[in-house]
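*Asks:* Fold the stuff below for me.
(one chain, ligands or ions: 1)
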Amino acid sequence: MVLQGFFSKGRGVKEDPAVSVFREYIRLKTVHPEPDYDGALKFLGRISEELGLPMKKIEVCPGRVVAIMTWTGTNPSLKSVLLNSHTDVVPVYQEQWKYDAFAAVKDAEGNIYGRGTQDMKCVTIQYIEAIRRLKAAGKRFPRTIHLTFVPDEEVGGHKGMESFINHPEFKKLNVGFALDEGLANPTEAFTVFYGERNPWWITIRCPGSPGHGSRFVENTAAEKLRRIINSFLAFREREKQRLDTSECFTLGDVTTVNMTMVHGGVAYNVIPAEMDVSFDLRIPPTVDLQEFEEQIKAWCAEAGEGITYEFAQKFMQQNTTSTEDNNPWWKAFSSTCKALNMTLEKEIFPAATDSRFIRAVGLPAIGFSPMNRTPILLHDHNEFLNEEVFLRGITVYERLLPVLTAVPAQSGEE
Ligand SMILES: [Zn+2]
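*Replies:* Down below sits the predicted model:
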């Protein structure tokens with residue numbers, strides 16, 4: 001670390017102020033289980049003053065505030081462009097990190113280390129710095145831009161975006177199109193996400209005849225449990241095969257199945273009256289969900305009598321955002337990227353983000369974090385982003401926003 005400091009001083013290059021703001025934001029410990037949301041709001045309040053943009057704070061749940069910064073367009077009756085980002089980050093295993101995960105250390109190569117450098121404090125500051133540049137250049141645009149800064153995405157969004165999307169203040173934003181987070185891409189290309197898989201968390205309860213552990217009791221819970229596990233894991237294998245054998249498939253195109261919990265039993269010599277197994281399923285938007293649940297029912301029926309299931313989470317949202325060239329929002333987004341010589345890879349997001357709540361109310365949303373040539377390290381140890389990649393991302397938004405906010409009025413607008 002002494003050496004790193006020496007190098008960065010030795011380079012004698014003054015840091016771009018946008019990078020300094022980014023590093024300052026990384027140092028705010030908005031980390032679960034007790035994120036410093038007050039610190040984040042204070043920071044954003046200062047930014048709103050610097051930018052000269054009003055900031056509204058909406059408490060969507062006790063202690064959970066959504067901040068909204070607004071740059072009003074010259075034609076504010078048109079639908080707005082929403083730039084969404086979450087302020088929270090996931091916990092770290094500090095002993096696995098090269099540096100303090102909240103120190104925002106920059107090494108000699110310009111790699112900035114810290115929790116949230118990829119997910120998604122980079123995007124938050126890129127939005128802000130792009131707007132700072134556009135404002136400084138005296139620009140005005142027809143459509144209004146709203147920046148929303150939401151809490152609790154990393155714990156499911158229930159007290160964050162899910163509550164906000166049903167709040168009257170969200171409707172007032174009159175959103176026409178939204179940008180939200182994506183993922184890094186290790187190649188030259190940038191990944192954009194137009195849909196998400198639906199998470200289903202299911203527990204299957206297998207009742208059986210209890211008895212003494214010394215006998216061949218009929219109809220045991222364990223025999224049913226084994227058949228259930230076999231059915232789910234055989235399906236898992238088939239899906240894995242589909243992914244492995246198709247060149248054009250990514251994780252977002254197949255259903256993943258993972259057995260994540262098993263419960264049951266009281267003693268070595270007592271055959272239990274029930275055993276339970278839980279699975280984490282992620283289902284792509286192309287799957288017929290009714291049919292899929294029928295399949296689960298069939299597996300339960302085949303495995304024996306009395307088997308029941310319940311969902312801890314069951315998302316049924318299959319809206320995807322158009323990436324057809326005749327869609328004006330997609331056209332604006334993709335043509336700008338093309339003009340910047342960026343290659344886009346369109347994918348279904350393999351996990352879940354706040355975009356699913358935005359798409360669920362019928363709004364188009366693109367998941368995009370402009371990070372190419374960057375390993376995917378979200379939620380991982382030593383999460384980092386190179387400052388050059390970060391700075392280039394600001395330029396990308398600086399070019400995107402004038403085009404998105406100038407998308408002509410669509411039918412039903414004005
Ligand atoms: Zn995220």
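*Asks:* Without its sequence neighbours, what residue ends up closest to residue 381?
*Replies:* Leaving aside its sequence neighbours, residue 381 sits nearest to residue 96 (CB to CB, 6 or more residues apart in numbering; 4.1 Å). Where C-beta positions appear, they are placed from N, C-alpha and C, glycine not excepted.
*Asks:* who are the neighbours in contact with the residue nearest to residue 388 when sequence neighbours are not counted?
*Replies:* Nearest residue to residue 388 in three dimensions, chain neighbours excluded: residue 110, at 6.0 Å (CB to CB, 6+ apart). By CB atoms under 8 Å, 6 or more residues apart in numbering, the residues touching residue 110 are 386-388.
*Asks:* and the residues you listed as a markdown table, adding neighbour count and pLDDT?
*Replies:* Putting the contacts of residue 110 into a markdown table (neighbours: other CB atoms under 10 Å; pLDDT from 0 to 100) gives the following:
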| residue | neighbour count | pLDDT |
| --- | --- | --- |
| 386 | 18 | 98 |
| 387 | 18 | 98 |
| 388 | 14 | 97 |
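*Asks:* the helices in the chain, which residues?
*Replies:* Per DSSP state H, the chain carries helices over the ranges 2-11, 17-27, 37-51, 121-136, 161-165, 168-172, 221-245, 289-303, 328-339, 355-360, 387-404.
*Asks:* which of those helices is buried the deepest?
*Replies:* Most buried of those, by mean neighbour count (mean count of other CB atoms under 10 Å): helix 355-360, with a mean of 24.
*Asks:* now for that helix, which elements pack on it?
*Replies:* The contact analysis (3 or more CB pairs under 8 Å, 6 or more residues apart in numbering; DSSP states H and E) places helix 355-360 against strand 80-86, helix 161-165, strand 175-180, strand 190-196, strand 365-368.
*Asks:* Out of the ones you listed, flag the one nearest the ion.
*Replies:* Smallest distance to the ion across the helices and strands packed on helix 355-360 (CB to the ion): 5.7 Å, for strand 80-86.
*Asks:* and the protein, which residues reach the ion?
*Replies:* Residues of the chain found near the ion (CB under 5 Å from the ion) are 119-120, 181.
*Asks:* From these, pick the one nearest residue 205.
*Replies:* residue 119 (35.3 Å; CB to CB).
*Asks:* For the closest one, list the residues it contacts.
*Replies:* Counted by CB under 8 Å, 6+ apart, residue 119 has contacts 89-90, 181, 369, 378-379, 383.
*Asks:* Hmm, residue 252 is touching residue 284, no?
*Replies:* Yes. Residue 252 lies in contact with residue 284 (CB atoms under 8 Å); the separation is 6.1 Å.
*Asks:* measure residue 149 to the ion for me?
*Replies:* According to CB to the ion, to the nearest Å, residue 149 and the ion sit 13 Å apart.
*Asks:* Does that residue touch residue 125 like I think?
*Replies:* No. With contact taken as CB under 8 Å, residue 149 and residue 125 are classed as non-touching, separated by 11.2 Å.
*Asks:* Which residues are in contact with the most centrally placed residue in the chain?
*Replies:* Centroid-nearest residue in the chain: residue 353, 3.0 Å away (criterion: CA atoms, centre = their mean). Contacts for residue 353 (CB under 8 Å, 6+ apart) come out as 153, 180-181, 193, 196, 367.
*Asks:* mind checking pLDDT for it?
*Replies:* pLDDT, residue 353: 94.
*Asks:* Reformat the helices and strands packed on helix 355-360 as TSV; add mean pLDDT.
*Replies:* Below are these laid out as TSV (pLDDT from 0 to 100):
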stretch	mean pLDDT
strand 80-86	98
helix 161-165	97
strand 175-180	98
strand 190-196	97
strand 365-368	98
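*Asks:* Residue 135: which of those is closest?
*Replies:* Residue 135 lies closest to strand 80-86 among these, at 14.2 Å (CB to CB).
*Asks:* picking that back up, buried members of the contacts of residue 353 into PyMOL, please.
*Replies:* Here is the PyMOL selection string for the buried members of the contacts of residue 353, based on 16 or more other CB atoms under 10 Å:
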select buried, resi 153+180+181+193+196+367
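*Asks:* Tell me the one of the contacts of residue 353 nearest residue 406?
*Replies:* When the contacts of residue 353 are ranked by distance to residue 406 (CB to CB), residue 180 comes first, at 20.8 Å.
*Asks:* what does stretch 368-375 contact?
*Replies:* Stretch 368-375 has contacts (CB under 8 Å, 6+ apart) with 118-120, 122-123, 126, 179-193, 333, 342, 385-386, 389, 392-393, 396-397.
*Asks:* now with 7 Å?
*Replies:* 118, 120, 122-123, 126, 179, 181-190, 192, 385-386, 389, 393, 396 (CB atoms under 7 Å, 6 or more residues apart in numbering).
*Asks:* now do the same end-to-end measure for that stretch.
*Replies:* Length of stretch 368-375, first residue to last, CA to CA, to the nearest Å: 15 Å.
*Asks:* re earlier: would you reformat the contacts of residue 353 as CSV and include distance to residue 106?
*Replies:* Below are the contacts of residue 353 laid out as CSV (distance: CB to CB, whole Å):
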residue, distance to residue 106
153, 26
180, 27
181, 22
193, 28
196, 33
367, 27
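*Asks:* Tell me which two of the contacts of residue 353 sit farthest apart.
*Replies:* Greatest spatial distance in the contacts of residue 353: 153 and 193, 14.6 Å, computed using CB to CB.
*Asks:* picking up where we left off before, anything in contact with each of residue 252 and residue 284?
*Replies:* Common contacts of residue 252 and residue 284, defined by CB under 7 Å, 6+ apart, comprise 197, 348.
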